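Enquirer: For reference, the sequence and a predicted model appear below.
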There are 2 protein chains.
Amino acid sequence: MTKTRVSLAVVKRLPKYYRYLGMIEEKGIIRVSSQELSAITGLTASQIRQDLNHFGGFGQQGYGYNVEELRSEIEKIIGINKSYKAIILGCGNIGKAIMNYKGFKSSGFNIVDVFDHGDKVGNKIFDYEIKDVDKLDEYLAENKPEIAIIAIPTEQAQKVCDRLVEGGIKGIWNFASVDLKLPKNVVLENVHLDESLYTLTYYMNNLFDYPGTKN
Amino acid sequence: MTKTRVSLAVVKRLPKYYRYLGMIEEKGIIRVSSQELSAITGLTASQIRQDLNHFGGFGQQGYGYNVEELRSEIEKIIGINKSYKAIILGCGNIGKAIMNYKGFKSSGFNIVDVFDHGDKVGNKIFDYEIKDVDKLDEYLAENKPEIAIIAIPTEQAQKVCDRLVEGGIKGIWNFASVDLKLPKNVVLENVHLDESLYTLTYYMNNLFDYPGTKN
């Protein structure tokens, strides 16, 4: 199979398929057609077939998809069949919410350590003894976590990001309201909460523009 | 001016302009050209002019934009020149992070009350005494909050959403991993953290597809 570039829109739909297939599997359903998936997800059946064809086409004409198989394939494609070592930078509100989020560990994400600075260092929050961000470089060299979660104030985010990149981190999940600059071989995924909230208020004030619920 | 529909991509860039203009204003800069905005934001100057023209075109050829004026105009367009009464459903990790987030109040978002059920009702978390979700309908009728923040488990989210819609809520900021169904006159904005995290791992495992940092 020749590998073609998969668009962001398709990539963003994979977790949705994964989630819906999990729900279907929990109900004990063995096979599902693209029409049935369409009814559940709100996407068209042809869209679903097209999306899944990007990854090799798992279904059989007139036979549908094996739910467990498709879910497990998507799990591999998304890369959550493996486990990841993740660190959190910042033990404020967002940092705490992530530390305490039980869904992560079951998906293979292990928050191994949490960093902050000043008098927060040494504090115990949940199961974590907060480490000193000043010692981040040595830590990265020694422990080689793959994912870093940035949950520190905007002003410090780029500097910490540079050190994470230098230290060999593979992916950054960024909650700071800043557009980080980093090389293309380190993956950045942003959660910009303020931008999300402003999108909400924009549409509340400009209902004419609101495209409606989009799955 | 004839009103034309503004695309989601443009709407999503407005908070970015707002944020960058705030940074520029803080530095005491009075005027900014689209070329200068381009250098800061990473967007092209023509893209910026085009985006801002959607809303009436604030700049003058060869003169640039008045920073304070443009920022205040965008503030109005996004709708954060007003204040909003918001309620939180769910006092778990996400609920707590939002309750405690200082950025909101300064942007005009007032978290007036927090709801949950069972033995959480009556507990005091930060400044909030947790209210009973069973009494939500009466509360909505009486207090008329505009925004509801859903931070409860997936399984309960649609039911609570239905009650919020029924109760006249105008906008829902949803953190539950579920695609809520609601009428088009109530605005929904999702923050699907698991989907964001899976996008990160997808690209870490398929670097070939990664489009790179996009502002």
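Expert: Happy to help now that I have it.

Enquirer: worst-scoring helix or strand of chain A, pLDDT-wise?
Expert: Every helix and strand in chain A was compared by mean pLDDT, DSSP states H and E; the lowest is helix A:102-106, with a mean of 76.

Enquirer: and that helix, what does it pack onto?
Expert: Contact partners of helix A:102-106 among helices and strands, from 3 or more C-beta pairs under 8 Å, 6 or more residues apart in numbering or on different chains; DSSP states H and E: strand A:109-116. No exception for glycine: its C-beta is placed from N, CA and C like everyone else's.

Enquirer: measure residue A:153 to residue A:181 for me?
Expert: 17 Å (C-beta to C-beta, to the nearest Å).

Enquirer: just to revisit the earlier point, in the least confident helix or strand of chain A, what's buried?
Expert: residue A:104 (16 or more other C-beta atoms under 10 Å in any protein chain shown).

Enquirer: Stretch A:170-190 too?
Expert: By neighbour count on 16+ other C-beta under 10 Å, the buried set for stretch A:170-190 is A:170-180, A:182, A:186-190.

Enquirer: my guess is residue A:148 is in a strand, correct?
Expert: Yes - according to DSSP: H, G, I helix; E, B strand; the rest coil, residue A:148 belongs to a strand.

Enquirer: care to break chain A down by domain?
Expert: With domains defined by automatic domain parsing, chain A comprises A:8-78, A:84-195.

Enquirer: what's the first-to-last distance across the shortest one?
Expert: With C-alpha to C-alpha, to the nearest Å applied, domain A:8-78 spans 13 Å between its terminal residues.

Enquirer: just the angle between the helix or strand where residue A:137 lies and strand A:109-116, please?
Expert: Assigned by DSSP states H and E, residue A:137 falls within helix A:136-143. Interaxial angle of helix A:136-143 relative to strand A:109-116 (axes from the mean of the first three to the mean of the last three C-alpha atoms, to 10 degrees): 150 degrees.

Enquirer: Measure how far helix A:136-143 is from the centre of its chain, please.
Expert: 23 Å (C-alpha atoms, centre = their mean, to the nearest Å).

Enquirer: ok, now stretch A:176-191?
Expert: 13 Å.

Enquirer: quick one: is that stretch near chain B?
Expert: Yes - counting by C-beta under 8 Å from any C-beta of the partner chain, contacts between stretch A:176-191 and chain B involve A:177, A:179-182, A:184-185, A:187-189, A:191.

Enquirer: Can I get that stretch in CSV, CA atoms only?
Expert: Presented in CSV, the C-alpha positions along stretch A:176-191 are these (Å, rounded to 0.1, in the frame of the first residue of the first chain):
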residue,chain,number,x,y,z
ALA,A,176,-0.6,27.3,27.9
SER,A,177,-2.2,30.1,25.8
VAL,A,178,0.8,30.5,23.5
ASP,A,179,1.8,29.4,20.1
LEU,A,180,5.0,27.5,20.8
LYS,A,181,7.7,27.3,18.3
LEU,A,182,9.4,24.0,17.9
PRO,A,183,10.9,21.7,15.2
LYS,A,184,8.6,19.6,13.0
ASN,A,185,9.9,16.3,14.4
VAL,A,186,8.4,17.1,17.8
VAL,A,187,4.6,16.9,17.7
LEU,A,188,2.6,19.7,19.3
GLU,A,189,-1.0,19.4,20.2
ASN,A,190,-2.7,22.5,21.8
VAL,A,191,-5.6,22.8,24.2
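
Enquirer: residues of stretch A:162-172 that come out buried?
Expert: Within stretch A:162-172, the residues that count as buried by 16+ other C-beta under 10 Å are A:164-165, A:167, A:169-172.

Enquirer: Distance check, the residue lying farthest from the centre of chain A against residue A:33.
Expert: Residue farthest from the centre of chain A, counting by C-alpha atoms, centre = their mean, is residue A:62 at 33.4 Å. Relative to residue A:33, residue A:62 is positioned 9 Å away (C-beta to C-beta).

Enquirer: secondary structure element for residue A:35?
Expert: Counting by DSSP H and E, residue A:35 is found in helix A:34-41.

Enquirer: name the helices or strands packed onto that helix?
Expert: Secondary elements touching helix A:34-41 (3+ C-beta pairs under 8 Å, 6+ apart): helix A:8-26, helix A:45-53.

Enquirer: Contacts for the last one next, please.
Expert: Right, the one you point to is helix A:45-53. Contact with helix A:45-53 is made by A:10, A:13-14, A:17, A:33-35, A:37-38, A:41, A:43, A:57-59, A:65, A:70, as judged by C-beta atoms under 8 Å, 6 or more residues apart in numbering or on different chains.

Enquirer: for the helix holding residue A:35, the distance to its chain's centre please.
Expert: Offset of helix A:34-41 from its chain centre (C-alpha atoms, centre = their mean): 24 Å.

Enquirer: nearest residue to residue A:186 other than its sequence neighbours?
Expert: Closest residue to residue A:186 apart from its sequence neighbours, by C-beta to C-beta, 6 or more residues apart in numbering or on different chains: residue A:165 at 5.2 Å.

Enquirer: The one you found sits in which helix or strand?
Expert: Secondary structure assignment for residue A:165, by DSSP H and E: helix A:154-166.
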